[in-house]
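Student: show me how the following folds:
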Amino acid sequence: MAHGSTQQAGYENWRSASLGLLAFLTLLPVTLPVPVLRDLVQTRFDVSEFLASLFMSINMVGAVVAGPLAGAFADRTGRRKALIAPALLLDGALLYGLSLPVSFEVFMGLRFLEGCTHITALSLLLSIASHSQPEAKRGRAMGIVGAGLTLGVAVGAPIGGFLGQEDPLVPLRAGSAVVVVAAILAQSVLRDVGGANRRAGLGFIVQAIKHNRLIAAPLAFAFADRFTVGFFTTTFSLYLSRVHGFEPAQIGVSIAALMLPFALLSYPFGRLAERTSRAAMMCGGSLVYGLGVMSLAWWPPDAIPFGMAGLGVAAALMFVPSLVMTTDCAPEEIRTTALGAFNAAGSLGFIVGPITGGLVSQMVAARSDWESGYRAAFTVAGFSELLCVAIALPFLLRLVRSGRTT
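Tutor: Next comes the predicted model:
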């Protein structure tokens, strides 16, 4: 037990910063292909817009399956660091495989497996971050990681647009190299902390989940948030290119306008979540974000970067508190499982988001025009955030009253 107490002292400042860097490198490849999505999938394989959207969802099917399983395995064995580097190396190999001359079926199969390895590494990294500081400082720890995650997504889009101007396969190969670098860094700087020596049996994990069902509240926000992100990685990209004639680099910059404020504000909002109501931050941010998304397809082209920046502020306000609340609601022995479930809920939203965006826009466009189709799609996306607040609010209030969160 003395050893466990020593571990609980937490990460030094430089090692905490390395968590943010690792999160950045892990998420950077996610949006590298987004600006070249049409050439990478639709043109390359001669498939429909719906199947092009499915490319951004199929890896999340793997994430839904692998996220909770990876978390439960880590809680069962106490092994987190040892699994991260191998998962990242395999992720890099699969990303490179996507650039090879394969059939569309093999291409999608590789994408599914890539989602499994990516979410395994990410869930374990989040778990290490949640144990890296004492409970009173958990908001800033998750804020550092949240900033790295969102900055990686933000930077990936414009870099992908630049790299993919001549060849849409280059972003995939660059993403593969980045993930390999992340694996080397993870093996060098990470160390298990906190609950690493407390190994929960499978029966205990199952019972703990049953007795902590209110954890579904922050998971619902994870689902809704990633549901809308799915629209931005696919439907939004296709909307800008089809309706406004944006080039890949312009699409990347537009997505970065959302993600950069999100990234820059994650750490300060994480600090804020240590001192104020996490439930209020989540609900307030979601309401503003949802209304903004509903109006998106009515914005004039020149206003898009400014509107996206505003959405980024609202997104940051709700994201880190939902991460912190997930760790609040889960006993330490199953925290990695809970964070794996958080990622799985988000991944499920990411599966449904692009599919919904593709179906709604295509169905409405068939009866009217593409601009009407995209307006309908973004109305659905924004309304989902408002619906999430309405459904989850009673459960959030119960969590606050019980003293399990703020």
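Student: any regions of the stretch 51-200 of the chain where pLDDT drops low?
Tutor: The model of the stretch 51-200 of the chain has pLDDT under 70 over residues 194-200.
Student: those helices in it, which residues are they?
Tutor: 81-97, 104-131, 138-163, 170-189 (DSSP state H, counting those that start in this stretch).
Student: for residue 322, find the nearest of the ones you listed.
Tutor: helix 138-163 (9.6 Å; CB to CB). Glycine gets a C-beta too; all of them are placed from N, C-alpha and C.
Student: tilt between that closest one and helix 170-189?
Tutor: 150 degrees (axes from the mean of the first three to the mean of the last three CA atoms, to 10 degrees).
Student: just checking, what packs against helix 138-163?
Tutor: helix 13-31, helix 104-131, helix 170-189, helix 248-275, helix 304-329 (3 or more CB pairs under 8 Å, 6 or more residues apart in numbering; DSSP states H and E).
Student: residue 220: which of the ones you listed is closest?
Tutor: Nearest of those (CB to CB): helix 304-329, 9.2 Å.
Student: average pLDDT for that closest one, rounded please.
Tutor: What helix 304-329 shows for mean pLDDT is 91.
Student: what about that helix, distance to the chain center?
Tutor: 11 Å (CA atoms, centre = their mean, to the nearest Å).
Student: now for the helix or strand that that helix is followed by, which elements pack on it?
Tutor: Using DSSP states H and E, the helix or strand that follows helix 304-329 in sequence is helix 335-367. If you count contacts as 3+ CB pairs under 8 Å, 6+ apart, helix 335-367 packs onto helix 49-77, helix 104-131, helix 216-230, helix 304-329, helix 370-401.
Student: roughly how far is helix 335-367 from the heart of the chain?
Tutor: Distance, centroid of helix 335-367 to centroid of chain: 11 Å (CA atoms, centre = their mean).
Student: list the buried residues for it?
Tutor: Going by neighbour count (16 or more other CB atoms under 10 Å), the buried part of helix 335-367 is 335-362, 364-365.
Student: stretch 127-136 too?
Tutor: Residues 127-133 are the ones in stretch 127-136 that count as buried (16+ other CB under 10 Å).
Student: closest to residue 311 out of these?
Tutor: Using CB to CB, those come closest to residue 311 at residue 129, 25.1 Å.
Student: does residue 319 touch residue 265 like I think?
Tutor: No: taking CB atoms under 8 Å as the definition, residue 319 is not a contact partner of residue 265, at 9.5 Å.
Student: more neighbours, the two?
Tutor: residue 319 (29 against 23; other CB atoms under 10 Å).
Student: neighbours of residue 12, just the number please.
Tutor: As a measure of burial, residue 12 has 10 neighbours, counting by other CB under 10 Å.
Student: in contact with it, which residues?
Tutor: Under the criterion of CB atoms under 8 Å, 6 or more residues apart in numbering, residue 12 has no neighbours.
Student: residue 133 versus that one, what's the distance?
Tutor: 11 Å (CB to CB, to the nearest Å).
Student: tell me how far residue 263 lies from residue 183.
Tutor: 22 Å.
Student: equivalent analysis for residue 278, please.
Tutor: 33 Å.
Student: how about residue 162?
Tutor: From residue 162 across to residue 183, the span is 25 Å (CB to CB).
Student: how about residue 65?
Tutor: Taken as CB to CB, the span from residue 65 to residue 183 is 22 Å.
Student: which of these two has more residues huddled nearby?
Tutor: Of the pair residue 65 and residue 183, residue 183 is the one with more neighbours under other CB under 10 Å, namely 22 against 16.
Student: quick one: neighbours of the residue nearest to the more buried one when sequence neighbours are not counted, just the number.
Tutor: In this structure, residue 183 finds its nearest non-sequential neighbour in residue 88, 3.7 Å apart by CB to CB, 6 or more residues apart in numbering. Neighbour count of residue 88, defined by other CB under 10 Å: 29.
Student: from memory residue 88 sits against residue 114, does it?
Tutor: No: counting by CB under 8 Å, residue 88 stays clear of residue 114, with 11.3 Å between them.
Student: about what we covered before: which of the helices of the stretch 51-200 of the chain is buried the deepest?
Tutor: helix 138-163 (a mean of 26; mean count of other CB atoms under 10 Å).
Student: that helix vs helix 304-329, what angle?
Tutor: Using the same axes, to 10 degrees, one finds that helix 138-163 and helix 304-329 are set 140 degrees apart in direction.
Student: kindly reformat the buried residues of stretch 127-136 as JSON lines containing distance to residue 73.
Tutor: JSON lines is the format used below for the buried residues of stretch 127-136 (distance: CB to CB, whole Å):
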{"residue": "127", "distance to residue 73": "11"}
{"residue": "128", "distance to residue 73": "15"}
{"residue": "129", "distance to residue 73": "18"}
{"residue": "130", "distance to residue 73": "17"}
{"residue": "131", "distance to residue 73": "16"}
{"residue": "132", "distance to residue 73": "20"}
{"residue": "133", "distance to residue 73": "24"}
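Student: which of those residues sits closest to residue 292?
Tutor: Nearest to residue 292 among the buried residues of stretch 127-136, with distances taken as CB to CB, is residue 129, at 28.6 Å.
Student: looks like that closest one contacts residue 140 (just checking).
Tutor: No: the pair residue 129 / residue 140 is not scored as a contact, 10.3 Å apart, by CB under 8 Å.
Student: could you tell me the model confidence score at residue 2?
Tutor: For residue 2, the predicted pLDDT is 35.
Student: which residues sit in contact with residue 262?
Tutor: Taking CB under 8 Å, 6+ apart, one finds 150, 154, 312-313, 315-316, 319 in contact with residue 262.
Student: wait, which of those residues is closest to residue 386?
Tutor: Among these, and counting by CB to CB, the member closest to residue 386 is residue 315, at 14.7 Å.
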